[in-house]
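[1] sequence plus the predicted model coming up.
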Amino acid sequence: MYLNLSYEKVLKNLGIRPINHFSHSRESLSPQERLKQVQFQAKNFVEDFKLVNQQVEYMETFDLISVPYLVRSAFGNTTQLFNPYLYVTNRLMVLQFNTPSGLKTMLFSPSDISGNVQTPHFQSMRKVFGKFKDLLQPIIAPVHNSVEQVLNKIGLHPEDIDFICYDHLHTQDLRKWLGSFEQPAYFPNAKLLVMNQEWEAVKDLLPLQRNWHCPNGVEGIHPDKIIPLHSSIMLGDSLALIQTPGFTQGSQSLVINTENGVLVCSQNGISVDNYSPEHSTIYGLADFAKQHNMAVIPNGLQPELRLDQYISMVLEKTVADKHPKDNRFSYIMPSSELSPRWQPFALAPTLSFGEIKFGALSLKQKIQDTISTQMALS
């Protein structure tokens, strides 16, 4: 479909435009210089972003599944507790936004729960419970909603979805959503927005990476379903996808202009505590941050680019507004957030987002009916 069009033309037809605010900001060999350059570029970006001041038309998040997660992966060696696991809740975000190509609908972090379970990390956890794994699954990893249930509940059809994207592709099986050799696409019109580094890596993994990737999760997907991004981009004027490498080499963060300010969604941290550890009530975090002069605590046991992740988290803090409920914290929402489920008070997040909503969803059938009515009246 796009073979005869330039990359820029493809993006323009989709209501996307590349931005160069962060170009060359990580070229210095000095980590401190890279940090300063990224902060400088982030300030310039958010000033331009706010100057346009177009808010997203609709945004709503929905809990999908809660899963165990290693404490030392989430917070490193900052906290020492008897229980080695905490819980994170993965959420789907549904967004609508205006572009020069019309109103677009996007799903951020649509997880295929049944497909993703084949990820080696999840399979090894299931083996621990042996023959009781199916019986214990609703207790150990409770499912709150499926993507299909959420869309049915709010009135969207599969063909209404224009884009899907993720902050990174760990655990994701994309074949159901985008189609493959064996099955048609559940979202027939949707395209994946993914940083080119992430897409190339997931197609040709090293053994060190495979534990966190779903086997064959992208096999057989038609190239026309993929929009590999070579820079940060704007989606209309109310959303941006920013390159934030570190957790993986192709990690990206979603920046949203909302009625409560500029919100960033990312998986570089699993809670507001990762971004403002000096104010955290989680046992040990504030003391560790003060002792080591840490502005952020990166999420990830073995991130591929740890220095870059630290810089990326500072970028996110620079772009995000202050949290409307507590201005000590940044308005950064994890795509999978620390949940207090079955946890001692010491591991509950200091401040939690939960499910949130802005604006009102526009359904295509309603829009068509309105246009028909206006034409009849005229």
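    Now that the structure is in, tell me what you want to look at.
[2] got a pLDDT number for the residue nearest to residue 179 when sequence neighbours are not counted?
    Counting by CB to CB, 6 or more residues apart in numbering, residue 179 lies nearest to residue 185, which is 3.3 Å off, once chain neighbours are set aside. In this view, the C-beta of every residue, glycine as well, is placed from N, C-alpha and C. At residue 185, the pLDDT value in this model is 98.
[3] for residue 302, same thing?
    68.
[4] what do you get for residue 85?
    At residue 85, the model reports a pLDDT of 86.
[5] count of residues packed around the nearest residue to it once chain neighbours are set aside?
    Leaving aside its sequence neighbours, residue 85 sits nearest to residue 68 (CB to CB, 6+ apart; 4.4 Å). Residue 68: 17 surrounding residues under other CB atoms under 10 Å.
[6] any idea how far residue 68 is from residue 88?
    8 Å (CB to CB, to the nearest Å).
[7] next: residue 307.
    Distance from residue 307 to residue 88, by CB to CB: 24 Å.
[8] who's more crowded, those two?
    residue 88 (23 against 14).
[9] can you pull the phi/psi pair for that one?
    The phi/psi pair for residue 88 (degrees, to the nearest 10) reads phi -120, psi 140.
[10] show me where the chain dips below the pLDDT cut-off.
    1-5, 128-133, 135-136, 302-304, 342-346, 365-378 (pLDDT under 70).
[11] can you tell me which helix in it is longest?
    Longest helix in the chain, counting residues (DSSP state H): helix 31-52.
[12] and residue 351, how many residues sit next to it?
    Using other CB under 10 Å: residue 351 sits among 17 other residues.
[13] what sits against it?
    If you count contacts by CB atoms under 8 Å, 6 or more residues apart in numbering, residue 351 has them with 272, 323, 325, 326, 329.
[14] double-check the first one against residue 332; I have them as touching.
    Translated: residue 272. Yes - contact criterion CB atoms under 8 Å: residue 272 and residue 332 qualify, at 6.7 Å.
[15] just want the most central residue of this protein.
    The centroid of the chain falls nearest to residue 167 when counting by CA atoms, centre = their mean (3.5 Å).
[16] how about residue 280, nearest residue that isn't a chain neighbour?
    Nearest to residue 280 is residue 273, by CB to CB, 6+ apart, at 3.9 Å.
[17] equivalent analysis for residue 18, please.
    In space, residue 18 is closest to residue 231, 4.7 Å off (CB to CB, 6+ apart).
[18] most neighbours among the contacts of residue 351, please name it.
    Tallying neighbours with other CB under 10 Å puts residue 272 at the head of the contacts of residue 351, with 27 neighbours.
[19] please name the nearest non-neighbouring residue to that residue.
    residue 329 (4.3 Å).
[20] can you check residue 92 too?
    In space, residue 92 is closest to residue 62, 4.8 Å off (CB to CB, 6+ apart).
[21] that neighbour and residue 94 touch, don't they?
    Yes - using CB under 8 Å, residue 62 is in contact with residue 94, at 7.4 Å.
[22] touching both of those two, which residues are there?
    Counting by CB under 8 Å, 6+ apart, the residues touching both residue 62 and residue 94 are residue 150.
[23] from residue 270, how far out is the residue nearest to the centre of the chain?
    Distance, residue 167 to residue 270, by CB to CB: 12 Å.
[24] swap in residue 109?
    Counting by CB to CB - residue 109 and residue 270 are separated by 13 Å.
[25] more neighbours: these two, which one.
    residue 270 (26 against 22).
[26] assumed that one was part of a strand.
    No - read with DSSP: H, G, I helix; E, B strand; the rest coil, residue 270 is coil and lies in no strand.
[27] over to it: give its phi and psi.
    Torsion angles, degrees, to the nearest 10, at residue 270: phi -110, psi 0.
[28] quick one: it from residue 14, how far?
    Taking CB to CB, one finds residue 270 at 31 Å from residue 14.
[29] give me the neighbour count for the nearest residue to residue 316 once chain neighbours are set aside.
    Of all residues not flanking residue 316 in the chain, residue 264 sits nearest, at 4.8 Å (CB to CB, 6+ apart). The local packing of residue 264 (other CB under 10 Å) involves 26 other residues.
[30] again, but for residue 83
    12.
[31] now name the helix or strand holding it.
    Assigned by DSSP states H and E, residue 83 belongs to no helix or strand.
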